[in-house]
Every structure is written in structure tokens, then in C-alpha cells.
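Chemist: From the sequence below, what's the structure:
(chains A and B)
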Amino acid sequence: MNGDRVIKALLFISSLIILLLSAGIVLSLTGGAIPAFREYGPGFITSTVWNPTSGSEEYGAMPFIAGTVITSILALIICIPMAFSTSLFIAEYYRGTRTANILRSLIDLLAGIPSIVYGFWGFYALRPLLISTGLTDQGFGVFTASLVLAIMIVPYATSLSAEIISMVPAELKEAAFSLGATRREVIFNVVIPSARSGIVASFILALGRALGETMAVTMLIGNANLIPKGLFAPGNTMASVIANQFGEADGLKMSALIAIGLLLFVITAIVNAAGKMIIKRFA
Amino acid sequence: MKKQIFLLLAIVALIAASCGSGGQKTGKEKQVTLSAAGATFPQPFYNLAFKKYNEEGGPVINYGGIGSGGGIKSLRDKVVDFGATDAYLSDIEMSEMPGEVVHIPTCIGAVVIAYNLPGVTGLKLTPDLLEGIFLGKITKWNDSKIAGVNPGITLPDMNITVVYRSDGSGTTYIFSDYMSKVSQAWNETLGRGKALNWPVGIGAKGNPGVSGTISQSQGTIGYIGFEYAFAQKISMAQVMNQAGNFIEPTLASFTAAADAEMPADTRVMITNSSSPEAYPISSFTWIIMYRDQAYGGRSLAAAEATVNAVSWLIGEKGQAIAMSVNYAPLPKKAAEKAALVLKSITFESRPVLK
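Modeler: Model prediction:
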């Protein structure tokens, strides 16, 4: 049939376009980053100075790499207990009940809230709360950003983990029950061990999301282009510095920003690949 | 199947063709539309003025507030009819443009030192205090140095949080230009520029971002365009000028800063003015365009519309609008210089302005 061939060709072309697009992005990022790497060499990655004043221009990516890694990891640490317990609740303890369904829809709703709204909430609601604890003067900084990031990635980690926990074969659990295991014993000795790699992968994918988050972070982290001096000190992330500074950038500064974009692309790709590899081993 | 796809393609092609020809026709018949981009600092003024100009029968002018650097870049790439910037082009920048660029000052704006301290108004600051605060040497509001300049004001025992622009900005340029003139330590460390390597404080995006952060958090201090502080009713400090007077930011004190001699090309910074009544962090803001308007296939109509609009902007009506949104109008001498620059703009060697 001709129709089949046409459809096949159309599908092939559209997937080819996606492939070309990704290749094009990598290519143009690399091309744009060349001047920065030519100027500073690999030292660009480790340098902690970001000085855009003309005459004494010097660019280094370390403050932003540090800010990105610290906020993302911190967000992940805060996210793990929340997401892990919620996914157990949905997929095991209250599996198939109305409560679990409502909870699941609420979590999906969280995933749909735009980043700027989280930033807004952080700015007007969370920040005053943190100031009232007396730990910080203005509430801007790494910790505030991480806290909001954690809430933003909980839905991704939760729904994936819940999916994987519910995929644990019923026969395994029934066997354990028939041997006289309690529910708690079944969960911790059967369900979690067999879903372990999938759960880990879901957290790694959530980490990947945290790495690239921009808007909410830039509203709360304080945008200081320095390596954060403490948990409540301001810093900046890779995505946030690009969003802030590309408008007025040209020449070497533009190239430095593109190079940061490329580094972020590489870091995110590595994290996602790691997540996929773990899922594959599980499947 | 094949036939259907051909039919679909034919329809798509037809629609595309008809759209194309239709667009060309209306483009010629309709009035010209101008596009401009640049500084956010004078954006409230330009937006209102261009709207009024359109209501009076002028062309539609779309102004994009993308920052001074973006305005210069857009003009260099010839994607706008004119650009706008708070920092005039340096000689090097001028030489990098594909054609000769002229500057037309449109109004005077000022950068104010805004702060949020519960119960404190009428704060006075000297250049030394500004240097100390923004370089992180003075970290407490009740520091004896601040108290010494402000007798009669009870300063709270709070940490100072400096708020600066996280994006590149003409506002930062004007402020750092002033600080570089009055502080050697500043000049040697931060220098002047649209973005700086700040040692302390937190960054926020745009004038709205900085003013929002200051109005929302106590103990903060930062620099913003006057009209933003005015509109949001944020406290502004009096700054000591070169003559040693503490000057309140007002339209009159901005105008006083502009009484210095202006060169024919209008490129002059008026920060740290020697005039005794002048607010020291004032600056002109400029519209930039090519002296020869016959470039890139532009029509004479577009060139005329551009020059007429700017001429209207620096004329009586435009300047009245500037005052209504809290920018100081051009002093007489500056307005004359600006008009001369406009007259020098040509299209195929003939002056555009009649």
C-alpha cells in the first residue's frame, strides 16, 4: 500500500527532525562556547571569578556549577523522604483506594504549576517564614532555593517511584505473606529491594529536573556570582545566570554564557543517562 | 491517498502565496510602523509618549525595553528603526557600528538610592558611605559612620543587605560611573560598567525586581531609576553632591545637574555635577540612529517618520509627557543641541527633517 509508505516516510522525517534539532543545539552551543574555552582553556570550568566589567573582564563557571550542584543535591535530599513515603503510601499501603487516587491527582497537579508561581510563593510566603526563624536576614539564598526546588521535583520522583513500586509482582508479595511476614516486613524485605533500582532512577531523573530549573531559583537564590559561603548565603546557578545576563551580553561574555549552557547540557545529559541505565538494569 | 496529499499541499501553497502578496500590498498602503528597542530606564516615558504620538496621528511605534546593550545591538544588526541607551556609545563602539551613529538626548533621569528601614526617613548619604556600604565595608545600619552623618535619626541594629541588578543595565552603568568618579577604591575594584563583580549583596532582575525586593524586605538598600522608587513609594536617600550639599532627588535637582557644557555630539555624562543644586547621580538618556537613513532598503517615508517622531519627543509636547512621568525635561541648551543633531540626519544626502 502506498499509504503505509507515506506514513512511514512522514514518521521517519519527523523523528529525523528531532534528531537534527538536538544535534543542531549541541553544535551551536559548542560553536558559541569556543571563544570562551580558547580564551581560558579548561580553567574556565574551575575559575571562580565572574567579572563582567569591561577592561578587566574575566569569566569562570565554578560559582554557577557549585550553585547548581549544591541546590540540586540539597533539593534531592529534602525531596527523598517526602517522595519516598508518599509513593509507598500511594502504591502500597493505600493502593487502589480513593485516598490514594486523590493524593495522586494532587501530586500531578503540583507538577503542572508553572515555575514562576513557585518562585512567587517562595518570595512572598516562604521567605518571610524563614526570616522569622532568625536564621537569615532576607531569606534569599541557597537553602530557600533548594527548599522550593525540592517541592517542585517531588511530583516527578513520587509518580515514577509509585509506578515502579506498583509493578512489583504480586506473587512475590503473596509468597512472603504466606510465609507469615507482616506488612512492614513485606514492604522493607520484598517490595523495596525489588524496586530499588527503579526508585533510585526516579530520584536521579528528578535531580535532572532540578539542575535545569531557572525561574523559581533566580527569584530566591540572591543571584550573587560567588561560591555560596553557607546554607543561607546567596549564590547563583547555571540556568539562572544565563537568564539574567544574556540580554546585555556580547563578545566574550556571550560566549562564556553559552559555554555555561553547554556545561549544563553535558551535566544534565550525564545525569539522565545514569538514570536510564539504572532503569534498564531493572527492567 | 497521494492525490489527497497533493491537494493539501496545493491548498497550503495557495494560502501562503495569498498571504504573501496581501502583506506586501497592505505594507505599501498602510502607514509606516516603526520599531525601536533599548533601555528600560526611560521605558515608562517612551511607552506613554509614543502612545500619545500615535493618537495625534503619528505612526505606531513599538518600543521593546530590552536593555541599553540590546538597543545598541539591535541598531547594529539593523533590526530596529532606532535604539535607546543610557550609556552613550564609546568611540570604540561607534567604530564597530556599520554606519555613523548619532545620539539624541531625550530627557534626564536619575538613579536614586532606595532603602527600606522601619521608621527611618530622610536618610542622608555621602560618597564615602555609599562606597562603604556597596563594597561591604559597612555592614550594620547603626554603624557610627552612618550615624555621624545622620544626627537625629535612630538607626536600627540591623544588617545591611545590598541589592543590585543581576542583569546588565544602564542603571548600573550610571551608578557605577558616579561611584568611579567619587571613590578611588571603587574605581580600582569594581570600575564602571553595565554589570559588575559585586563583593556583597543579592541580585534582582530589572528595575522592577530591585524595587520589589527592597520594598519587600527590611534592612535593604539599592539603586534604582527614580520613577520606580517614586511610583512604589520607596524611601530615597539624600546624596551629598560635589559642592557638599545633601540633595533630595527631585526633577529640579536633576535639571540642575545638566547645566554643564554639552559637546556637539551630545555625548556627556553629568554624574557628580559641580552645580551646587545638582543631584549627583543624574544622567541623560539617548536615542541612537544612523546619520544616513538610506540603508538596508529603508524607504524615505520610514526615515521621515523616525526623525519626526524623535523631533516630537524632544519638542514641547514630548517633554511635557516626560515631566508627567517623573523625568526631568531637557534644559534649553541641550534641547537646541539635540535639534541640531536631528537636522544633520540625511537620506541620500538630503536632510530628512524639513
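Chemist: the strands in chain A, which residues?
Modeler: A:50-51, A:58-59 (DSSP state E).
Chemist: what's the distance between the last one and the middle of its chain?
Modeler: It refers to strand A:58-59. 27 Å (Cα atoms, centre = their mean, to the nearest Å).
Chemist: same deal with the first one?
Modeler: Centroid separation between strand A:50-51 and its chain, computed with Cα atoms, centre = their mean, is 26 Å.
Chemist: Within the sheet, what are the partner strands of that strand, with directions?
Modeler: strand A:58-59 (antiparallel) (DSSP bridges).
Chemist: In CSV, list the strands of chain A along with mean pLDDT and mean neighbour count.
Modeler: From N, CA and C alone the C-beta is placed, and that goes for glycine too. Converted to CSV, the strands of chain A look like this (pLDDT from 0 to 100; neighbours: other Cβ atoms under 10 Å in any protein chain shown):
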stretch, mean pLDDT, mean neighbour count
strand A:50-51, 92, 22
strand A:58-59, 92, 18
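Chemist: Residue numbers of the stretch 151-300 of chain B in contact with chain A?
Modeler: B:158-159, B:161, B:166-169, B:190-198, B:201-205, B:216-217, B:219-220 (Cβ under 8 Å from any Cβ of the partner chain).
Chemist: Mind checking what helix or strand follows the lengthiest strand in chain B in sequence?
Modeler: Scanning chain B for the longest strand, with DSSP E as the assignment, gives strand B:101-116. Using DSSP states H and E, the helix or strand that follows strand B:101-116 in sequence is strand B:124-125.
Chemist: what's in contact with that following strand?
Modeler: B:113, B:133, B:149, B:150, B:237, B:238, B:239, B:240, B:246 (Cβ atoms under 8 Å, 6 or more residues apart in numbering or on different chains).
Chemist: In the stretch 251-354 of chain B, where is pLDDT below threshold?
Modeler: Within the stretch 251-354 of chain B, not a single segment meets pLDDT under 70.
Chemist: ranges for the strands of it?
Modeler: Assigned by DSSP state E, counting those that start in this stretch, the strands in the stretch 251-354 of chain B fall at B:282-290, B:346-347, B:350-351.
Chemist: Quick check: can you name the pairing partners of the last one and their directions?
Modeler: Right, strand B:350-351. For strand B:350-351, pairing defined by DSSP bridges yields strand B:346-347 (antiparallel).
Chemist: Repeat that for the longest one.
Modeler: Note on strand B:282-290: by DSSP bridges, its sheet partners are strand B:82-85 (antiparallel), strand B:101-116 (antiparallel).
Chemist: picking up where we left off before, name the stretch among the strands of the stretch 251-354 of chain B that sits most buried.
Modeler: strand B:282-290 (a mean of 27; mean count of other Cβ atoms under 10 Å in any protein chain shown).
Chemist: Which residue does chain B have closest to chain A?
Modeler: residue B:168 (2.5 Å; Cβ to the nearest Cβ).
Chemist: Now for the residue lying closest to that residue once chain neighbours are set aside: which residues touch it?
Modeler: Leaving aside its sequence neighbours, residue B:168 sits nearest to residue A:248 (Cβ to Cβ, 6 or more residues apart in numbering or on different chains; 2.5 Å). Contacts for residue A:248 (Cβ under 8 Å, 6+ apart) come out as B:67, B:68, B:69, B:70, B:167, B:168, B:169, B:194, B:195.
Chemist: Kindly report the same for residue A:147.
Modeler: A:75, A:78, A:122, A:126.
Chemist: For stretch A:167-183, buried residues please.
Modeler: A:168, A:173, A:176, A:181 (16 or more other Cβ atoms under 10 Å in any protein chain shown).
Chemist: Also stretch A:237-250?
Modeler: Neighbour-count burial for stretch A:237-250 [16+ other Cβ under 10 Å]: A:237-249.
Chemist: And the residue in the stretch 151-283 of chain A positioned nearest to chain B, how far from residue B:195?
Modeler: Using Cβ to the nearest Cβ, the closest approach of the stretch 151-283 of chain A to chain B is made by residue A:248 at 2.5 Å. Going from residue A:248 to residue B:195 by Cβ to Cβ, to the nearest Å gives 7 Å.
Chemist: what do these two both touch?
Modeler: With Cβ under 8 Å, 6+ apart, residue A:248 and residue B:195 have common neighbours B:167, B:168, B:169.
Chemist: among these, who's most crowded?
Modeler: Counting neighbours by other Cβ atoms under 10 Å in any protein chain shown, residue B:169 leads these with 30 neighbours.
Chemist: Quick check: that residue touching residue B:70?
Modeler: No: using Cβ atoms under 8 Å, residue B:169 is not in contact with residue B:70, being 10.6 Å away.
Chemist: Is stretch A:16-36 in proximity to chain B?
Modeler: No: counting by Cβ under 8 Å from any Cβ, chain B is not contacted by stretch A:16-36; separation bottoms out at 15.3 Å.
Chemist: Residues contacting that stretch, please?
Modeler: Contacts for stretch A:16-36 (Cβ under 8 Å, 6+ apart): A:44, A:59, A:251, A:252, A:254, A:255, A:256, A:258, A:259, A:261, A:262, A:265.
Chemist: Name the nearest of these relative to residue A:9.
Modeler: Nearest to residue A:9 among these is residue A:265, at 30.8 Å by Cβ to Cβ.
Chemist: show me the contacts for that closest one.
Modeler: By Cβ under 8 Å, 6+ apart, the neighbours of residue A:265 are A:25, A:26, A:29.
Chemist: Any figure for the gap between the second one and chain B?
Modeler: Going from residue A:26 to chain B by Cβ to the nearest Cβ, to the nearest Å gives 25 Å.
Chemist: for the stretch 151-283 of chain A, which spans come out with low pLDDT?
Modeler: Ranges of the stretch 151-283 of chain A meeting pLDDT under 70: A:282-283.
Chemist: Show me where it has its helices.
Modeler: A:170-178, A:183-186, A:192-212, A:215-220, A:238-245, A:251-282 (DSSP state H, counting those that start in this stretch).
Chemist: Any buried residues in the longest one, and which?
Modeler: In other words, helix A:251-282. In helix A:251-282, the ones that count as buried by 16+ other Cβ under 10 Å are A:252-265, A:267-268, A:271-272, A:274-275, A:278-279, A:282.
Chemist: which stretches of the stretch 1-150 of chain A form helices?
Modeler: Under DSSP H, counting those that start in this stretch, the stretch 1-150 of chain A gives helices at A:2-40, A:43-46, A:62-88, A:98-112, A:115-121, A:127-132, A:142-166.
Chemist: Serialize those to CSV and add fields for distance to residue B:105.
Modeler: Below are the helices of the stretch 1-150 of chain A laid out as CSV (distance: least, Cβ to Cβ, whole Å):
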stretch, distance to residue B:105
helix A:2-40, 35
helix A:43-46, 40
helix A:62-88, 38
helix A:98-112, 49
helix A:115-121, 36
helix A:127-132, 40
helix A:142-166, 41
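Chemist: Point out the most buried one among the ones you listed.
Modeler: By mean count of other Cβ under 10 Å, the helices of the stretch 1-150 of chain A have helix A:142-166 as the most buried, with a mean of 24.
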